[in-house]
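> okay, here's the prediction I keep looking at, along with the sequence it came from:
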Amino acid sequence: MGTITDSTLGELESINLVEARNVFKWFPIKGGLFGRTIANVRAVDGVSISIRKGETMGLVGESGSGKTTLGRTIMRLIDPTKGEIFFDGVNITRLSGRSLKRYRRRMQMVFQDPYASLDPRQTVRSALTEPMKIHHIASSKKEADEAAAKLIETVGLNQDHLERFPHEFSGGQRQRIAIARALAVNPEFVLLDEPTSSLDVSVQAQILNLLKQLQRRFNLTYLFISHNLSVIRHMCDRVAVMYLGRIVEIGNMKAIYESPKHPYTFALLSAVPNPDPTKRKEHEPVLEGEVPSPIDIPSGCRFRTRCPYNTEKCAREFPPLVEIEPGHWVECHYDIDFSSARRSF
Amino acid sequence: MNSTPQLTKKNVALEVRNLRVVFHTYAGVVKAIDGVNLTVHSKELLGLVGESGSGKSVTALAIAGLLPENAEVLEGEVLLRGKDLLKQSKKELRMARLTDIALVFQDPMTYLNPVMTIGTQITEIFTGNLKIYKDELIQSRLDQIENELRQETDPKKISKLNEEKTKLEIKKQNSSGISKKEGKRLAKLLAIEYLKLVKLPEPERVFKMYPFELSGGMRQRAMIAMALVRRPAVLLADEITTALDVTVQAQILKLIKELRDKVDAAIILITHDLGIVAETCDRVAVMYAGNIVEEGDVIEIFKNPLHPYTVGLFGAVPRPDIEKENLEPVPGSVPDLINPPSGCRFHPRCPKAFERCPKSKPPLIEYEPGHKVACFLYGG
């Protein structure tokens, strides 16, 4: 394993568990007679984000904003086009094979659809013990079985469930199994990609509570990807808002929800239906239109085509990333006061 | 805030009485709907909420007469304009769907024909049924002409419009139908009017476009236009914003609210999202495992939920506006409807269940004026 010589990286190690620096992920579109690259889908377009040990970082955005691509790039499931990824202070961007496998154990993932992410022909026992074998967590079969039995109870199922196949479980139970499988190798970092989006609300609450409880118990660090702003508010310490491949605002959960600074964040929050009918106002949805194509990204500020505050400057110049308050960063030319604007909550 | 329409008997658009539907499957008989009673009034937005498997979509399909082959209606009535839709012939039902009941689904791409333009798909409704729609097509064009005449200043155009008006009035009196060509022309004008109503940008251009050329939100708007153009008495909107992003969802919900005031239809909004209900609906019916467990005015139910399941749902949902330390999930999961729990179907998950609950099914009773609940805690 690479030793750390850079002193700044040593410092990083103590605070940030995961860090992405100026990461790009472009998917080329091939075409023409010779299959040349004729355009790029700029799914992630220059993102820097750091996730501290033990915190839950939320990643919100609409479909096509690049949340999942960013998550997978951080996990090294796909290679970034440009940029660097650090895990526990070590640059893992160019690691491969055996040296990468060490880090694979430390970072695990739970996917959205528990119907697709579990092998239908694998028993729960096998799903839980196989990763232990691969990463040499258990020294014997007996030890692995014991660990699996413990694990299945940790996620709220019981040992009878170990011999069953995924089709015998409900969606919520399957997601518990997927979580158990992620925890089988004692990871430090777990990427949760829309883990409750396919579940019913009453079951969603069970899974969210379980995730919180597991985080405390095993001192886990989460990157929580979701389009559901209520879930993000409930789960996260810090929140990053993505739009068309860039993080446009990042900060503490409270700051983002109570005093958003980017017009997109504000619009997103205004679009969420208010669950209190007495507070129902005739508030206008702030945003017109839909997210532009990531192939043909607007010049300057990429949000300007939908932004109610856009000026000529927005089309001309790329907005600077400004630290409005300590730890609260916004990528916008202007400091807009939203206090008079109407919001749904 | 929108005022709630008067819940008087006189403007009832649709009434469902004691509907029971089962599905015959290889695994057994799924008792999907177990005695649903529902009333909607015109110009009312009724929310039908529930989790998956609660029977909200099956209720909608039963109302529209679109249940799949393996479904069987054991008993019940779906009353529309005084007629029981469940007792009508296929032909009559088709007619009801053509003129009285419209549906919009979650995924517009599945329901739009990919090889026909939006315009053709809308006008087809009229051109294929010219006899039925003759009067309506002529009348809507006459209304349009009136409007245009009021704004027009160019004398040439005014005389042209007047000429068209007299021609149409003659046709209106005439008992014979209108020609295909004329029908097509009138249908196009009406379709574009409705594309404008659902706020599609450049309606003339959208008219000529194919579904794949539209974005998700635009497709859903086109579907809504297609549903409304027939002036239905009831519009069933089944999870119409679930596949959309929040910002687009907000636009569509705003549109639905505006339409409620513009068209005469009763709108049944089927959703699993309590936020959407709070934001848009006048009344709400909460479904659980094939039953309506609570029903009433939205503000009242959100303020004072009675049924333990409704209470449980509110406790389980994270809120965008308030920080909750802990969510209180409803324990267990939705029951298997092949072998549903006896008595009250919620009792195995209910924190307040007592000896009476597994024995018999609680009826939906009016606990307070305009607030119904099906739970033995409140009598019945």
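In hand now; what should we look at?

> next, residue 207: phi, psi?
Picked chain A for this. Per-residue torsions, A:I207: phi -70, psi -40 (degrees, to the nearest 10).

> wait, chain B was what I had in mind.
Dihedral angles (degrees, to the nearest 10) for B:F207: phi -50, psi -40.

> chain neighbours aside, what residue packs nearest to it?
Using Cβ to Cβ, 6 or more residues apart in numbering or on different chains and skipping the chain neighbours, the partner closest in space to B:F207 is B:G119 (3.7 Å). Any C-beta I mention is one placed from the backbone N, CA and C, and that applies to glycine too.

> before we move on, which element is that neighbour in?
helix B:118-127 (DSSP states H and E).

> tell me which parts of the stretch 101-250 of chain A are close to chain B?
For the stretch 101-250 of chain A, the residues in contact with chain B (Cβ under 8 Å from any Cβ of the partner chain) are A:170, A:172-173, A:200-206, A:208-209, A:227, A:229-231, A:233-235.

> may I see the buried residues of stretch B:197-213?
Residues B:197-200, B:203, B:206-207, B:209, B:211 are the ones in stretch B:197-213 that count as buried (16 or more other Cβ atoms under 10 Å in any protein chain shown).

> end-to-end on that stretch?
Chord length of stretch B:197-213, first to last residue, is 20 Å (Cα to Cα, to the nearest Å).

> what's the answer for stretch A:27-37, then?
Stretch A:27-37: ends 10 Å apart by Cα to Cα.

> okay but B:S140 is in contact with B:L190, surely?
Yes - the pair B:S140 / B:L190 is scored as a contact, 5.1 Å apart, by Cβ atoms under 8 Å.

> more neighbours, the two?
B:L190 (23 against 19; other Cβ atoms under 10 Å in any protein chain shown).

> contacts for whatever helix or strand A:V241 lives in next, please.
Per DSSP H and E: A:V241 is located in strand A:238-243. Contacts with strand A:238-243, where a contact means Cβ atoms under 8 Å, 6 or more residues apart in numbering or on different chains, come from A:47, A:49, A:55-62, A:65-67, A:70, A:232, A:247-253, A:256-257, A:262, A:264-265, A:268, A:291, A:302-303, A:327.

> and the strands in the stretch 251-380 of chain B?
Using DSSP state E, counting those that start in this stretch, the strands found in the stretch 251-380 of chain B span residues B:266-271, B:283-288, B:291-297, B:365-368, B:371-373.

> quick one: name whatever helix or strand follows the helix holding B:G119.
helix B:130-151.

> would you put the C-alpha positions of that following helix in CSV?
This file holds the C-alpha atoms of helix B:130-151, laid out as CSV (Å, rounded to 0.1, in the frame of the first residue of the first chain):
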residue,chain,number,x,y,z
LEU,B,130,-68.0,12.0,-35.5
LYS,B,131,-71.6,11.2,-34.9
ILE,B,132,-71.2,11.6,-31.1
TYR,B,133,-69.1,14.6,-31.2
LYS,B,134,-70.6,16.5,-34.1
ASP,B,135,-72.5,19.0,-31.9
GLU,B,136,-69.6,19.4,-29.5
LEU,B,137,-67.1,20.1,-32.2
ILE,B,138,-69.3,22.7,-33.9
GLN,B,139,-70.2,24.3,-30.6
SER,B,140,-66.6,24.6,-29.4
ARG,B,141,-65.6,26.2,-32.7
LEU,B,142,-68.5,28.6,-32.5
ASP,B,143,-67.3,29.6,-29.0
GLN,B,144,-63.8,30.0,-30.4
ILE,B,145,-65.1,32.2,-33.2
GLU,B,146,-67.0,34.4,-30.7
ASN,B,147,-63.8,34.9,-28.7
GLU,B,148,-61.8,35.7,-31.8
LEU,B,149,-64.4,38.1,-33.0
ARG,B,150,-64.1,40.0,-29.8
GLN,B,151,-60.4,40.5,-30.2
